[in-house]
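Colleague: kindly return the folded structure for what I paste below:
(chains A and B)
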Amino acid sequence: MIFGLFGSKKKKESVADLLAEFVTYQQIVGRISKAQSLQKLNRLDESQQLLLETERIAKNYLNQNPREKKAHMMLVLFYGEIGSFELAEPIIQRLLSSGEFQLNEEEKFVLSAELQKIQRQRPTNQRAADGPTGYTQVYCCANCGRLHNFVSMPCPNCDWSPQTIEETACSIILSNSHFKVPALLILAREMATGRTADDVVPNLLSDGKTYLSVPKQKQVVEQVFSMLRQNEHKNHRSLSMVRECPNCGNRILFSGAEVCEKCGESVNWPDAIRVLACMDNLLWLLEQRIEVSSTDAFSDFVCILVAMTNNLLRKQEMPSIPDRQYSIRLLTDMGAVCDLNKGAVIDTKNPKKLQIYLIKSSMRDDSETFGLFLYKELEFFVEKMTEGIRL
Amino acid sequence: MAVPSAGWPQGATEKIVPWRRVWGYVPGRASPPAHPADEKPHPIKVRLLGLKANLQVPDALAELIEQTGGAKSRCAGFHAWFMLENNAATSKQPIDAEQLSGGTRAQNIPHRPAFPAEFAGYITPFTHLSTEPVMEPSNKHKHVLVDDRTYSVMSVRNGGMGRVWLLEQAFDDSFDPIYRRRIAVKTFDFMQDERAIEHELNIWISLEHTSILPLIKIGRLNYRLAAIMPMLNGSLDDVIEARGSLNEQEVTKIIFDIVEGLRYAWSAFKILHLDLKPSNVLVERASPIRTKIADWGISRLAAENQMARRLKGSTVPAAMYDQKTAYAAGTPLFMAPERFSGNWSLSPTADIYSLGMMAVQLNTGILPFHFGQIDPAEEIATGSFFENACHMLENRSEGFRRFCLQCIHPIPSARPSTFSDVVTQLNLIAKRGNK
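Modeller: Next up is the predicted model:
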């Protein structure tokens, strides 16, 4: 057991950060990474075998050191990495609720965030009534109105980030912890017309101050603000960087674009960027064009889309198989998505056979254009969520 | 960017293309060979590393390409020529100059047609084509994203089938066993065939040996597939460049390390590397020297085994584990003569030949060819390189000399037949050296 050999002043943001200097953790991470690589190569049996061995190592270590909090955290990390959240959850709950491990504030913060993430990522019908709603925490950027899910990082669309504790508190308020997802979509739509967040949301600034008056909440805001300051100088990817034409800088609109519409340069995007562009387009359509629905499936679809887009953009993490399956199921549950005024309706009951209907009586001038745009992007989305993203 | 002075003739034409240089004439020649039709250079469109460029070749050569459909080509001697055969004249498509520009891989050569001697001087031999291996990072590529980490680009090395990025963490992140402060990342931008990429990764990830560069993780660099590996201290090519040559003990140690890795790959999975050369052997430690084998891009499975069955489950084509093969990928100067025949049996002797060539180059500083005087392909075909090697190794110890010559013997059956034989011989050399 080697602890604290290399002191680090870096703010710890994840369970991995808490364990980084731990030798057994390094062995485990090496194995998990190999198993994940084998999965990518479709060698699932070997991957499974390796994961079982790795689990055994983590469990053996825990058996030898049952009172050691890092031994428990290692198992949390292992289950989290392989997507077995249901196994990670009771361990985190025990770590947080039992006094025997003497967690410091940083550890409590990280583990609470991990627990909330796990509880959110359950399908809607399996969530506890008192648990958080929505597949992930979704924030509406207080500057541009686009949805994202990393409040501790600059907005992927406009690069804006809160500059004061008060602004950070407002950013946290503009999330699905305080508003329903449909309300956030309305906010996004209003902000796209030029209105500011505090104009659309009455009392936003005073709500921010009230939020900060609760010591525990203030502590969270301060943690987030500190992470923001730590992260803002890092070279984060923004959607515009990824989607721009390498020749003329024009934003490539369609995920399936072969050439830049402005300069004619061929678009040589890997599959990952095409999927990213597709999900970003769908999100924009949800924010600006699609008739907002109050169903859980609709809200969760927005949330999972935000999560997958941001994970792909920031971490280059491809949507996991459960996430892909869940998003398809949500589309089925939604039944249909409609362009503004129901001028164009896409039947999503069978996502693999999407049908588009143009309703003449409700059509606006641009219903056909946006309807077809939505149809094309949805079609590509379903294909990729079904078949996966190419290596 | 200046033309290197040593060996380059007056008036040598140089075409600067992104990241690479292509010279028109063989170094060492006083002047380009005369040809009646050769007055004006003839532009040929080439696609170099995905970018369009023009390569100037003599009119007569261009005409010949047109007339023959590129059939009169040379598989080993001149990459440009070979490349033209494959891509340009027959298909009328822009030439894919990746191989020309140092890809150093000749693929699927069914026969060895004669190279027209009158043009021998016009195309640079492949040994000099990859003259600009390091791409200075442009502003655009100062930082790259490796999975969720940001790295600064130290340099980029272009290989025949991709690029290797040497990276350093841009921000002071905590220690991570995967995303270390310095890492090397291979991307596969130039490879169009996904199956070939999968094949390489499948083999690489299976190999775990101290003499083999490990594949730490399959991730992404700027949204493209990437293989993350530890960053080592350059390759044996750099060692040769810095030191000129190495003594027998050092060479024996290096070859011993490499052959241990090869023996493991062969005994565990029946895998042959098939592209052994100094640039594919990385230096982990300089003194005492410790090396690791890299780049399993064209390696092959020589038998139906567990690995083959695994790969069969994936999309890797059956040809990739054929025992008999017409497959002739590799770096021609390090390829055993039988590999150009179009029908040869995969066996360790192919890699043992490459090991021998490396041993000669490491110990003498040069390969046993008369560059600029005789076409290397001719020397490989006639076996005359072997005589050159005999002369070059005259002053070496008997054991070392015999070992090298056995390994590079033009006849496969005269070479050590297994990697274990090579180990035994190296142990004997080491024992004699100690005495």
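
Colleague: wait, A:Tyr375 touches A:Leu354, no?
Modeller: Yes. Applying Cβ atoms under 8 Å, one finds A:Tyr375 in contact with A:Leu354, separated by 6.4 Å. No exception for glycine: its C-beta is placed from N, CA and C like everyone else's.

Colleague: neighbour count for these two, which is higher?
Modeller: A:Leu354 (20 against 17; other Cβ atoms under 10 Å in any protein chain shown).

Colleague: if I read this right, the more buried one contacts A:Val382, doesn't it?
Modeller: Yes. A:Leu354 is within contact range of A:Val382, at 6.8 Å (criterion: Cβ under 8 Å).

Colleague: low pLDDT regions in the stretch 51-200 of chain B?
Modeller: Within the stretch 51-200 of chain B, the stretches with pLDDT under 70 are B:51-141, B:159-160, B:172-175, B:190-192.

Colleague: what does the stretch 201-350 of chain B have sitting close to chain A?
Modeller: Applying Cβ under 8 Å from any Cβ of the partner chain, we find that the stretch 201-350 of chain B lies next to chain A at B:201-202, B:205, B:215-220, B:223-225, B:310, B:313-314.

Colleague: ok, back up a step: name the residues contacting each of A:Tyr375 and A:Leu354.
Modeller: Common neighbours of A:Tyr375 and A:Leu354 are listed as A:Ile346 (criterion: Cβ atoms under 8 Å, 6 or more residues apart in numbering or on different chains).

Colleague: can you name the element that comes right after the helix or strand hosting A:Ser112?
Modeller: Using DSSP states H and E, A:Ser112 sits in helix A:105-120. Downstream of helix A:105-120, the first helix or strand assigned by DSSP H and E is strand A:139-140.

Colleague: got the residue ranges for the helices in the stretch 1-150 of chain A?
Modeller: With DSSP state H, counting those that start in this stretch as the criterion, the stretch 1-150 of chain A has helices at A:15-19, A:23-40, A:44-64, A:69-82, A:85-97, A:105-120.

Colleague: just say which of those is most tucked in.
Modeller: A comparison of these by mean neighbour count, using mean count of other Cβ atoms under 10 Å in any protein chain shown, puts helix A:69-82 on top with a mean of 22.

Colleague: C-alpha coordinates for it, PDB please?
Modeller: Extracted in PDB, the C-alpha atoms of helix A:69-82 (Å, rounded to 0.1, in the frame of the first residue of the first chain):
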ATOM      1  CA  LYS A  69     -11.800   3.700   2.300                       C
ATOM      2  CA  LYS A  70      -9.600   3.600  -0.900                       C
ATOM      3  CA  ALA A  71     -10.100  -0.100  -1.200                       C
ATOM      4  CA  HIS A  72     -13.900   0.500  -1.400                       C
ATOM      5  CA  MET A  73     -13.400   3.400  -3.800                       C
ATOM      6  CA  MET A  74     -11.400   1.200  -6.100                       C
ATOM      7  CA  LEU A  75     -14.300  -1.200  -6.400                       C
ATOM      8  CA  VAL A  76     -16.600   1.800  -7.000                       C
ATOM      9  CA  LEU A  77     -14.300   3.000  -9.800                       C
ATOM     10  CA  PHE A  78     -14.100  -0.500 -11.300                       C
ATOM     11  CA  TYR A  79     -17.900  -0.900 -11.300                       C
ATOM     12  CA  GLY A  80     -18.300   2.600 -12.600                       C
ATOM     13  CA  GLU A  81     -15.800   2.100 -15.500                       C
ATOM     14  CA  ILE A  82     -17.500  -1.100 -16.600                       C
END
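
Colleague: where do the strands of chain A begin and end?
Modeller: A:139-140, A:147-148, A:336-338, A:344-347, A:355-358 (DSSP state E).

Colleague: out of those strands, which is closest to B:Arg181?
Modeller: Minimum separation from B:Arg181 across these (Cβ to Cβ) falls at strand A:147-148, 29.4 Å.

Colleague: next one: the closest one to chain centre, how far?
Modeller: 9 Å (Cα atoms, centre = their mean, to the nearest Å).

Colleague: same check, this time on stretch A:180-192
Modeller: 18 Å.

Colleague: list the buried ones in that stretch?
Modeller: Using 16 or more other Cβ atoms under 10 Å in any protein chain shown as the test for burial, stretch A:180-192 gives A:181-191.

Colleague: stretch A:336-347 now?
Modeller: A:336-340, A:343-346.

Colleague: how about residues contacting it?
Modeller: So stretch A:336-347 is contacted by A:289-291, A:335, A:348-349, A:354-359, A:362-364, A:367-368, A:370-372, A:374-375, A:378 (Cβ under 8 Å, 6+ apart).

Colleague: so for B:Ile366, which of the helices of the stretch 1-150 of chain A sits nearest?
Modeller: Of all the helices of the stretch 1-150 of chain A, helix A:23-40 comes closest under Cβ to Cβ, at 39.5 Å.

Colleague: related to what we said a few turns ago, got CSV for the buried residues of stretch A:180-192, with distance to chain B too?
Modeller: Formatted as CSV, the buried residues of stretch A:180-192 follow (distance: Cβ to the nearest Cβ, whole Å):
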residue, distance to chain B
A:Val181, 26
A:Pro182, 31
A:Ala183, 30
A:Leu184, 25
A:Leu185, 28
A:Ile186, 32
A:Leu187, 28
A:Ala188, 26
A:Arg189, 29
A:Glu190, 32
A:Met191, 28
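
Colleague: just for the stretch 201-350 of chain A, where's the confidence low?
Modeller: Scanning the stretch 201-350 of chain A for pLDDT under 70 picks out A:235-236.

Colleague: enumerate the residues of it near chain B.
Modeller: Close to chain B, as judged by Cβ under 8 Å from any Cβ, the stretch 201-350 of chain A has residues A:233-237, A:242, A:268-270, A:272-273, A:276, A:314-317.

Colleague: so which of the residues you listed is the most crowded?
Modeller: A:Leu276 (26 neighbours).

Colleague: PyMOL command for the buried members of the residues of the stretch 201-350 of chain B next to chain A?
Modeller: Applying 16+ other Cβ under 10 Å to these, the buried members can be selected in PyMOL as follows:
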select buried, chain B and resi 201+202+205+215+216+217+218+219+220+223+224+225+310
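
Colleague: returning to what we had before: please check the contacts of stretch A:336-347 and keep the buried ones.
Modeller: Judged by 16+ other Cβ under 10 Å, buried ones among those: A:289-290, A:348, A:354, A:356, A:363, A:367, A:370-371, A:374-375, A:378.

Colleague: quick check: the two most widely separated of these?
Modeller: Largest separation among the buried ones among the contacts of stretch A:336-347 by Cβ to Cβ: A:Thr348 and A:Met363, giving 19.7 Å.

Colleague: the helix holding A:Ser112 vs helix A:85-97, what angle?
Modeller: Per axes from the mean of the first three to the mean of the last three Cα atoms, to 10 degrees, the angle that helix A:105-120 makes with helix A:85-97 is 150 degrees.

Colleague: other SSEs contacting helix A:105-120?
Modeller: On a contact count with 3 or more Cβ pairs under 8 Å, 6 or more residues apart in numbering or on different chains; DSSP states H and E, helix A:105-120 meets helix A:15-19, helix A:69-82, helix A:85-97, helix A:215-231.

Colleague: how is chain B carved up into domains?
Modeller: Following automatic domain parsing, one finds the domains of chain B at B:14-129, B:134-230, B:236-434.

Colleague: what segments of the stretch 251-391 of chain A are helices?
Modeller: Using DSSP H, counting those that start in this stretch, helices in the stretch 251-391 of chain A cover A:271-288, A:296-315, A:321-334, A:367-387.

Colleague: adding distance to A:Thr24, write these out as JSON lines.
Modeller: Formatted as JSON lines, those follow (distance: least, Cβ to Cβ, whole Å):
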{"stretch": "helix A:271-288", "distance to A:Thr24": "33"}
{"stretch": "helix A:296-315", "distance to A:Thr24": "24"}
{"stretch": "helix A:321-334", "distance to A:Thr24": "28"}
{"stretch": "helix A:367-387", "distance to A:Thr24": "36"}
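
Colleague: fine by me, thanks again.
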